[in-house]
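Asks: Pasting a predicted model and its sequence here:
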Amino acid sequence: EVQLVESGGGLVQAGGSLRLSCAASGFIFDDYAIAWFRQAPGKEREAVSCINSSDAATYYADSVKGRFTISKDHAKNTVYLQMNSLKPEDTAVYYCAAQFLACTQGLVDYWGKGTLVTVSS
């Protein structure tokens, strides 16, 4: 059974930090790029960051560049999203997603159920 399980969300004050984790199982982790998306209340889901399967190239939305860092641990089949200098506009449900081979491939094959991040002002 394919699973992407997010954790690490919570309530934090503006300027604070959180680290989200995405634990993957049920598929060949090294064959997939792993991305983070988020959806704020009343807004469409947007891509936040992605890390390639092969060359570990990383991608970030302009709104999070310089504040968020994506990384992965092959041994643990886990991808992390370190979020620093959080702003109230970062408040959203954050979803982990797996895309076959590369971030630029564009199609999500698997989704996690999400973890809520709330940033208070």
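Replies: On my side now, so go ahead.

Asks: Tell me the secondary structure of the residue lying closest to residue 103 once chain neighbours are set aside, please.
Replies: Leaving aside its sequence neighbours, residue 103 sits nearest to residue 50 (C-beta to C-beta, 6 or more residues apart in numbering; 3.6 Å). All C-beta spots, glycine's among them, are computed from the backbone N, C-alpha and C. Here residue 50 is recorded as strand under DSSP: H, G, I helix; E, B strand; the rest coil.

Asks: Helix, strand, or coil at the residue nearest the centre of the chain?
Replies: Centroid check for the chain by C-alpha atoms, centre = their mean gives residue 36 as the closest residue, at 2.5 Å. Secondary structure, three-state DSSP: residue 36 is strand.

Asks: any idea how far residue 59 is from the nearest residue to it once chain neighbours are set aside?
Replies: Excluding the flanking residues, the one nearest residue 36 by C-beta to C-beta, 6+ apart is residue 48, at 4.4 Å. Distance of residue 48 to residue 59, given as C-beta to C-beta, to the nearest Å: 9 Å.
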